[in-house]
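# Fold the following.
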Amino acid sequence: MVVFEYSRVDFLFTCLGLVFLLLDIGLDIFAAVSFYQEKEYVSLGILTLFLLGSSVLVQAYSWLWYRYEDFRRETKVEGCLSRCQLMLFHVLQLGIYFRHAGVMEISVLSFFTSRDYPSDVAVYLSHDLSMLRLIETFSESSPQFVLMLTIILQRGELDLVTVLKALGSASAIALTVTTYHRSLRSFLPKKENQQFFSSVVYFFWNLFLILPRLIALALFASVQPCFIFTHFICSWLVLFFFAWRSKTDFMECPCGEWLYRATVGLIWYFAWFNVVEGRTRYRTLFYHGYILADVSLLCGLWYWKMSTEPPDFEIPHSYAIITAVSVVALYIFGLIIKMIYYKCYHPNLAKGELKGVTTESQTGDSLPMMMMALYSEDVVDMAVFKNGLPYQPVAMMRHIDTDLADRNLPSPSLSPTAPSTERCNKRMRKLAETFYS
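Reported below is the predicted structural model:
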């Protein structure tokens, strides 16, 4: 039987995620009110765009995943809503918070009480939540970090609101990438289980790759605020094209898959994200080479603008050079840590070695085909009709059972039993296949 364990560390990350969610909401409101009071309407408009755009994107994924599962709900919090009410709450941008509440409910019940709540259900729900948080991080927290850092650079002084929001966004990014890695680790068999230190290394190489990328964007936006939008659109179109050419297969409907590819292009604008199975060494090298060149170009343009058209506050040329070089060097250092992770801590496994069932049957496609052929050969020709409908007498069913037994095949059952595997999140398993294969 496949076992997905919900450990104390997973429960800790779930609680921390709720704390950071509430903190982020409070900081968003605080920042919006501060921008309004200071009459910074442009910054307020950009912040509102990030918040609304990210919320709509995350709610769309949450609703699609409910629909794919025929609106199956595991918790009392989610079950108290009908299908129409659930759709209404997603339209009102509140659906994701019911997912948070449901995960907290079943996590607490499975962790602190003796009630029979299978741990795999808590893991299943936390997997979906970790993916939604990842999407929210790169559609809201990362752009907000760039916005807040840009404001600090343009003002030339530290403001409490912008500093707190920047720190909150950085903390959300750090927690999200670590939670996502723990979700992927849950699919590893015990003999290949990664130690907690592997998550620490994973966290640091993501931090040292994402942080210089965000800083480079903020440096460029502080001197060319209009061209940063052109840079994003052009880069996203290129990355979206490569996501389309990768032929991803993550969602269960064509519209959802196109939405996913557009989201991958958005994530790739800030960080690398595995989307296809197999060795992705050349794709990764090409991506990091492109981002490294882009970071170097953005830092170079910032230094050039600071040298030719300095702002009201003066920065010595030596400090500007050190800043630009440090950002590029930090990205290279992140690449070194990533190579160390893949060399020392990353297991390479085949798809079948991971925990959980795939979309195909565990026994393969050949058995159902053989049974269909057998049924067609031995039964259809003997079929009789009763009241105008196909009817199989008991003797014929016995004939099928005997023939199947002679061929060492399982006999068909009118009420087949479910496979002896616990529930598996097939979306997160696909991501685990792309990460570990």
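# in the stretch 151-300 of the chain, which spans are strands?
For the stretch 151-300 of the chain, strands defined by DSSP state E, counting those that start in this stretch do not occur.
# wait, what's in contact with Leu335?
Residues near Leu335 by C-beta atoms under 8 Å, 6 or more residues apart in numbering: 205, 209, 288, 292. In this view, the C-beta of every residue, glycine as well, is placed from N, C-alpha and C.
# ok, how many other residues are close to the last one?
Just to be clear, that refers to Leu292. Leu292 has 17 neighbours, counted by other C-beta atoms under 10 Å.
# repeat for the third one
Taking other C-beta under 10 Å as the neighbour definition, His288 ends up with a count of 17.
# re the thing from before, pick the one among the contacts of Leu335 closest to Arg281.
His288 (10.8 Å; C-beta to C-beta).
# Could you measure from the closest one over to Ala170?
21 Å (C-beta to C-beta, to the nearest Å).
# now Phe435
Taking C-beta to C-beta as the measure, Phe435 falls 24 Å from Ala170.
# Show me the shaky parts of the protein.
The model of the chain has pLDDT under 70 over residues 1-10, 110-120, 158-159, 190-194, 278, 311-314, 350, 355-423, 437.
# Centre-most residue in it?
The chain has Met131 as the residue nearest its centroid, 3.0 Å off, counting by C-alpha atoms, centre = their mean.
# Which of the helices or strands spans it?
Met131 is part of helix 119-136, with elements assigned from DSSP states H and E.
# So which elements touch that helix?
helix 8-37, helix 41-68, helix 95-112, helix 160-185, helix 254-268, helix 426-436 (3 or more C-beta pairs under 8 Å, 6 or more residues apart in numbering; DSSP states H and E).
# Please state the offset of it from the chain centre?
9 Å (C-alpha atoms, centre = their mean, to the nearest Å).
# What are the buried residues along that helix?
119-136 (16 or more other C-beta atoms under 10 Å).
# before we move on, could you check phi and psi at Leu94?
phi -120, psi 0 (degrees, to the nearest 10).
# How much space separates it from Pro189?
From Leu94 to Pro189 the distance is 38 Å (C-beta to C-beta).
# from memory Phe232 sits against Tyr269, does it?
Yes. The pair Phe232 and Tyr269 passes the contact test of C-beta atoms under 8 Å, sitting 6.7 Å apart.
# Look at those two and report which has more neighbours.
Counted by other C-beta under 10 Å, Phe232 and Tyr269 do not tie: Tyr269 has more neighbours, with 21 against 16.
# and the more buried one, what is it in contact with?
Applying C-beta under 8 Å, 6+ apart to Tyr269 gives the contacts 138, 232, 235-236, 239.
# Please apply the same query to Val163.
148, 152.
# how near is it to Ala31?
11 Å.
# and for these two, which residues touch both?
Met148.
# if I pick Ser55, what's in contact with it?
Ser55 makes contact with 93, 96, 140, according to C-beta under 8 Å, 6+ apart.
# Take the residues you listed and, keeping just the buried ones, write it as a PyMOL select command.
Buried residues within the contacts of Ser55, by 16+ other C-beta under 10 Å, are selected in PyMOL with:
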select buried, resi 96+140
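# Tell me the one among the contacts of Ser55 nearest to Leu175.
Checking these against Leu175 with C-beta to C-beta, the nearest one is Glu140 at 13.7 Å.
# show me what contacts the closest one?
Shown in contact with Glu140 (C-beta under 8 Å, 6+ apart): 50-51, 53-55.
# Now with 7 Å, please.
Neighbouring residues of Glu140 by C-beta atoms under 7 Å, 6 or more residues apart in numbering: 50-51, 54.
# and those, which are buried?
50-51, 54.
# ok so, going back, next one: the residue nearest to the centre of the chain from Leu109, what distance?
23 Å.
# go on, Ala32?
Taken as C-beta to C-beta, the span from Ala32 to Leu109 is 36 Å.
# before we move on, what about Leu237?
Leu237 is 46 Å from Leu109, where distance means C-beta to C-beta.
# between these two, which one's more packed in?
A direct count of neighbours by other C-beta under 10 Å for Leu237 and Leu109 places Leu109 higher, at 17 against 10.
# Distance check, that one against Leu94.
23 Å.
# For the stretch 201-350 of the chain, which segments are assigned as helices?
227-245, 254-268, 281-308, 317-344 (DSSP state H, counting those that start in this stretch).
# Buried deepest among those helices, which one?
Highest mean neighbour count of these: helix 254-268, a mean of 18 (counted as mean count of other C-beta atoms under 10 Å).
# these two touch, right, Gln180 and Ile135?
Rather than Gln, residue 180 is Tyr. No. The criterion here is C-beta atoms under 7 Å, and Tyr180 misses it with Ile135 at 10.4 Å.
# neighbours of the closest residue to Gln59 other than its chain neighbours, just the number please.
Nearest residue to Gln59, sequence neighbours excluded (C-beta to C-beta, 6 or more residues apart in numbering): His90, at 4.9 Å. Residues near His90, counting by other C-beta under 10 Å, number 20.
# send the alpha carbons of the helix or strand hosting His90 over as CSV?
For His90, the host element (DSSP H and E) is helix 83-91. Taking Å, rounded to 0.1, in the frame of the first residue of the first chain, the C-alpha atoms of helix 83-91 are listed here in CSV:
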residue,chain,number,x,y,z
ARG,A,83,-21.7,23.8,-5.8
CYS,A,84,-23.3,27.1,-6.6
GLN,A,85,-22.1,28.7,-3.4
LEU,A,86,-18.6,27.4,-4.1
MET,A,87,-18.7,29.0,-7.5
LEU,A,88,-20.0,32.2,-6.0
PHE,A,89,-17.2,32.3,-3.5
HIS,A,90,-14.6,31.8,-6.2
VAL,A,91,-16.2,34.7,-8.2
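# Mind giving me the packing neighbours of that helix?
Judged by 3 or more C-beta pairs under 7 Å, 6 or more residues apart in numbering; DSSP states H and E, helix 83-91 is in contact with helix 41-68, helix 95-112.
# what does that helix contact?
59, 62-63, 66, 71, 81, 95, 98.
# same thing but at 8 Å, please
For helix 83-91, using C-beta under 8 Å, 6+ apart, the contacting residues are 59, 62-63, 66, 71, 78, 81, 95, 98.
# For Cys138, give me its contacts.
I think there's a mix-up here, since residue 138 is Phe and not Cys. By C-beta under 8 Å, 6+ apart, the neighbours of Phe138 are 266-267, 269-271.
# try Ile106
Here Ile106 is in contact with 74-75, 117, 121-122, 125 (C-beta under 8 Å, 6+ apart).
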